[in-house]
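1. kindly return the folded structure for what I paste below:
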Amino acid sequence: MSTFTERLARLQAAVNEQMEDYVPGGFTLLPPGEYEAHVQASLGETKNDPQRLLVAWVFTVAEGEKQGRKITDRTIIEDNKVGLQICRGRIEDLGREWPEKIAYLENVLRDISADAPLVKIRVTHENSTGKDGKAYVNGRVRIIDVGSSTPEATPEADANVDTSTAAPENVEGDPVGDPVRDGLLTLCNSYQLDYVKDDMDAEAIITALTDNGASFRQEDLNAEELELLDNAAPDLVERPAAPEPPAPPKRTMAAKPAAKPAAPPKPAAKKEPPKRTARR
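-> Numbers count the residues shown, from 1 in each chain. Coordinates of the predicted model:
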């Protein structure tokens, strides 16, 4: 008997409880495809300094062979204009109201998690190279449809929440943004590329993508995203290999016509018998 057997035996009750929601394959990346899934959301922070607030969207496959498998999509909302707008769009798509004060955002996310609305998602994979030089595969999630539901109204703000933290007000005279830059930021945020910062211009974003070895598969991009990259940075699009052109037909010599059969030989002329003459 091993010296650890008795210690393992004492863990049995805890192991039974912790394995109740175990799903085979739950720690591998969900394969690309479309799934019906329940979504829940919560606040968190980025790992790298400076730590910024983010919303973690957890999608749990509702049916089929991958039922119970989870995939998480994170949206950075602190010091990230595009991420904040993506977060608001998702909340409104799920039938909730965007809170007038950002301090109440957590209440809205709790409401979403309690209801776990059913959505249809499209999962794609994106290859990238980390600062350590290693290649990574990241999952990308896009909500493409929301199931029918009648959620309750957004609950009133918790009286214990500090209401002094309000959402920043719009600044008068804020210049109109560069549409190429804004489009690139939206695209990069949907891929969770933390090395692309909200204060970068279009050129800096393209440089960061190139330096980090990012590429976007053409089949994973919608028409607007593909047009954006075709105009701004076509080398970042990973396009399907062009089919090889068919081999030209082989040239062959025309067959010689068959020789005409030789004419049959003419029959020999008949020799006439000598004429008979009378002797005188």
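
2. contact partners of the helix or strand where residue 208 lies?
-> When elements are assigned from DSSP states H and E, residue 208 belongs to helix 202-211. Under the criterion Cβ atoms under 8 Å, 6 or more residues apart in numbering, residues 178, 180-181, 184-185, 188, 193, 195-196, 200, 232-233, 235-236 lie in contact with helix 202-211. Heads up, the C-betas are built off the backbone N, CA and C, glycines and all.

3. could you list the buried residues of that helix?
-> Residues of helix 202-211 classed as buried: 202, 205-206, 208-209 (neighbour count, 16 or more other Cβ atoms under 10 Å).

4. could you do stretch 231-241 as well?
-> For stretch 231-241, by 16+ other Cβ under 10 Å, it's 232-233, 236.

5. going by distance to residue 43, which of the residues you listed wins?
-> residue 236 (31.6 Å; Cβ to Cβ).

6. that closest one reaches residue 216, doesn't it?
-> Yes. Assessed by Cβ atoms under 8 Å, residue 236 is found in contact with residue 216 at 5.8 Å.

7. residues shared between the contacts of those two?
-> Counting by Cβ under 8 Å, 6+ apart, the common neighbours of residue 236 and residue 216 are residue 229.

8. all strands in the stretch 51-200 of the chain, in order from the N-terminus.
-> Along the stretch 51-200 of the chain, the segments classed as strands by DSSP state E, counting those that start in this stretch run 53-61, 70-76, 118-129, 135-146.

9. other SSEs contacting the shortest one?
-> In this case it means strand 70-76. On a contact count with 3 or more Cβ pairs under 8 Å, 6 or more residues apart in numbering; DSSP states H and E, strand 70-76 meets strand 53-61, helix 81-93, strand 135-146.

10. next one: the first one
-> Other helices and strands packing on strand 53-61, by 3+ Cβ pairs under 8 Å, 6+ apart, are strand 33-45, strand 70-76, helix 81-93.

11. will you turn those into a markdown table that also has mean pLDDT, distance to residue 121 and mean neighbour count?
-> Shown next, in a markdown table, are the helices and strands packed on strand 53-61 (pLDDT from 0 to 100; distance: least, Cβ to Cβ, whole Å; neighbours: other Cβ atoms under 10 Å):
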| stretch | mean pLDDT | distance to residue 121 | mean neighbour count |
| --- | --- | --- | --- |
| strand 33-45 | 94 | 5 | 17 |
| strand 70-76 | 90 | 8 | 19 |
| helix 81-93 | 90 | 11 | 18 |
